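In: 3D, please:
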Amino acid sequence: MLGILVAIVHGIGVVSAIHAVMYTRTEQGAIAWGLSLVSFPYIAVPAYWFLGRSRFEGYITRRRFSEQRGEDLLAHTRERVERFRLTQKDLAPTLLAAERLADQPMLKGNAVDLLIDGDATFDSILKGIESAEEYILFQFFIVKNDRIGRRVKESLLVKAAAGVRIFFLYDEVGSHRLPKSYLNDLRAAGISVSAFNTRKGPGNRFQLNFRNHRKVVVVDGKVTWIGGHNVGDEYLGGDPNFGHWRDTHVRIEGPSALGAQLSFLEDWHWATDQLIELNWIPHGSQTEDSGVLILPTGPADELESASLMFTHAINDAQERVWIASPYFVPDQTVLHALQLAGLRGVDVRILIPDMPDHYLVYLAAFSYLENAGRTGVRFFRYTDGFLHQKVMLIDNRTATIGTANFDNRSFRLNFEITAAITNNPGFIDQVEKMFLSDFTHSRPVPSNELSGRPWWFRFAVQMARLTSPIQ
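Out: Residues are numbered from 1 along each chain as shown. Modelled structure (predicted):
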């Protein structure tokens, strides 16, 4: 009997290894999983089927179905936004590629506001909620039942009582501590509430590795907010363990808000099987003419959209690449792009936290310092609290603000969203000044910092790097 059981387990390991070789997105991952599943099936098989896959099953089929049902609507919307579309001669090659990855156009006619830290961000979002007349789309990875969480809830309840339609979408893993009473209060007020349901569908039933990491608010199809903040007091500096929480959001008013609305619509359709009727008439700003592209990315994409976007942006840079990310565990392609940029004289600066919140990610980042440092890439560790923003500045022309970190999880496992902003020198100057201020609150990291640490620390760093595919 024991022999039969052993044979079955090893057989499952072989079948799983074949599946890993066929469907794992990277060669390194396919090799690692394949060898582990054949050699150690007792441990590797459950690990693979719970954590190993990077393809989110069913979402693409559902997306195509929603596009078919809404084909006339989307066709009319494309016609309406055509007058706002930037022509190819107005776009840098980076943004042309990003348009194709997003399957959305970059649109002009937007006003953008840089929102630095939690007070500015939530003051703006709450003011936007108060101004809503037709509907509010509200989506966050983490929502907590603390002071800011209750302020948000009360604002939504007031608008629901005034007849505004509200759709509230959250990630069930990120918001696992959110009490049912919070959600029940929203539902009792007539607000449509749903978890994203990352384990929906037979192909995802046992997966624990996917997250919907997007943070999006859309009001009336006219204004959207995108960035790094979740709904919790720590994002306003209310956690004594972290102190100042350094984060960035952006408010976008104009036709590009419809790009964020489309991302929400697809997520909502996946979560609930419902297609909601929304306003798809673009509204141009009367005060600014920024070009904005909304780029949703995730494990349902046919291409690795997030990784490709960042790699191409880095390769296209001529003068500078400044990146702020709380988690810096890039794949080899992105790392090589950064090294090549440094070698050709581009000012490459990577801003990461000095204070860890996820220790494995914090350790893994050390492993990139020496090799990248040899090519002119400079690292800075932010010391004035915890750094959580996800911002990139390319030359003097483009800034990106969104939810994607520089790690495997954001590149391959999370649903993310990024706003790329161009054709606005004033906004680019603001982002530059923000970075320069952050650098003054940071310490330069010498490339040999790891070599001066004890052997056990260096060993822990290398072990942490090996776990990067599932961090």
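In: Please make it C-alpha for all contacts and neighbour counts, starting now.
Out: Will do.
In: Apart from its neighbours in sequence, what residue is nearest Asp438?
Out: Nearest non-adjacent residue to Asp438, counting by C-alpha to C-alpha, 6 or more residues apart in numbering: Tyr382, 7.1 Å away.
In: quick one, helices of the stretch 151-300 of the chain?
Out: 180-188, 257-272 (DSSP state H, counting those that start in this stretch).
In: Give me the contacts around stretch 143-159.
Out: The contact list for stretch 143-159, computed with C-alpha atoms under 8 Å, 6 or more residues apart in numbering, reads 126, 129-130, 132, 166, 170, 174-175, 177-179, 182, 186, 189, 230-233.
In: ok so, going back, quick check: the residue nearest to Asp438 touching Pro353?
Out: Yes. Between Tyr382 and Pro353 a contact is recorded at 4.8 Å, counting by C-alpha atoms under 8 Å.
In: Could you report the separation of Phe84 from Ala111?
Out: Counting by C-alpha to C-alpha, to the nearest Å, the gap between Phe84 and Ala111 amounts to 13 Å.
In: Can you pull the residues that touch both of those two?
Out: With C-alpha under 8 Å, 6+ apart, Phe84 and Ala111 have no common neighbours.
In: which among the contacts of stretch 143-159 end up buried?
Out: Ile129, Ala132, Ile166, Tyr170, Gly174, Ser175, Leu178, Leu186, Asn230, Val231, Gly232, Asp233 (16 or more other C-alpha atoms under 10 Å).
In: Adding pLDDT and distance to Ile281, write those out as TSV.
Out: As requested, these are arranged in TSV below (pLDDT from 0 to 100; distance: C-alpha to C-alpha, whole Å):
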residue	pLDDT	distance to Ile281
Ile129	98	19
Ala132	98	16
Ile166	98	19
Tyr170	97	26
Gly174	93	33
Ser175	94	33
Leu178	96	35
Leu186	98	28
Asn230	97	29
Val231	97	29
Gly232	96	33
Asp233	96	35
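In: Those residues in strands, which ones?
Out: Ile166, Tyr170 (DSSP state E).
In: Let's have the buried ones among the contacts of stretch 143-159 in CSV, adding distance to His388.
Out: Compiled in CSV, those are given as follows (distance: C-alpha to C-alpha, whole Å):
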residue, distance to His388
Ile129, 24
Ala132, 29
Ile166, 28
Tyr170, 19
Gly174, 16
Ser175, 18
Leu178, 21
Leu186, 29
Asn230, 10
Val231, 13
Gly232, 13
Asp233, 14
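In: which among the buried ones among the contacts of stretch 143-159 gets closest to Ala92?
Out: Set against Ala92, the nearest of those by C-alpha to C-alpha is Asn230 (31.6 Å).
In: Which phi and psi values does Gly243 adopt?
Out: Main-chain dihedrals, Gly243, degrees, to the nearest 10: phi 70, psi -130.
In: re earlier: which of the buried ones among the contacts of stretch 143-159 sits closest to Gln389?
Out: The closest of the buried ones among the contacts of stretch 143-159, once distances to Gln389 are taken by C-alpha to C-alpha, is Asn230, at 11.1 Å.
In: worst average pLDDT in the helices of the stretch 151-300 of the chain?
Out: Mean pLDDT per stretch puts helix 257-272 lowest among the helices of the stretch 151-300 of the chain, at a mean of 92.
In: what packs against that helix?
Out: Identification of packing neighbours for helix 257-272 by 3 or more C-alpha pairs under 8 Å, 6 or more residues apart in numbering; DSSP states H and E yields helix 59-69, strand 135-140, strand 192-195, strand 216-219, strand 223-227, strand 290-297.
In: I'd like these laid out as TSV, including mean pLDDT and mean neighbour count.
Out: Formatted as TSV, these follow (pLDDT from 0 to 100; neighbours: other C-alpha atoms under 10 Å):
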stretch	mean pLDDT	mean neighbour count
helix 59-69	48	15
strand 135-140	98	23
strand 192-195	96	17
strand 216-219	98	26
strand 223-227	98	27
strand 290-297	93	27
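In: can you pull the contacts of Pro326?
Out: Here Pro326 is in contact with Ile352, Pro353, Leu387, His388, Gln389, Lys390, Asn405 (C-alpha under 8 Å, 6+ apart).
In: Apply 6 Å and report the result again.
Out: Neighbouring residues of Pro326 by C-alpha atoms under 6 Å, 6 or more residues apart in numbering: Ile352, Pro353, Leu387, His388.
In: Could you list the domains of this protein?
Out: 2-52, 59-88+107-290, 305-470 (automatic domain parsing).
In: in what helix or strand does Leu393 lie?
Out: strand 391-394 (DSSP states H and E).
In: Now that strand: average pLDDT?
Out: Computed over strand 391-394, the average pLDDT equals 97.
In: how far does stretch 329-347 sit from the chain's center?
Out: Relative to its parent chain, stretch 329-347 has a centroid offset of 21 Å by C-alpha atoms, centre = their mean, to the nearest Å.
In: no, scratch that, I was asking about stretch 360-371
Out: With C-alpha atoms, centre = their mean, you get 21 Å for stretch 360-371.
In: Same question for that stretch: list its buried residues.
Out: Quick answer for stretch 360-371 (16+ other C-alpha under 10 Å): Leu360, Val361, Tyr362, Leu363, Ala364, Ala365, Phe366, Ser367, Tyr368, Leu369, Glu370.
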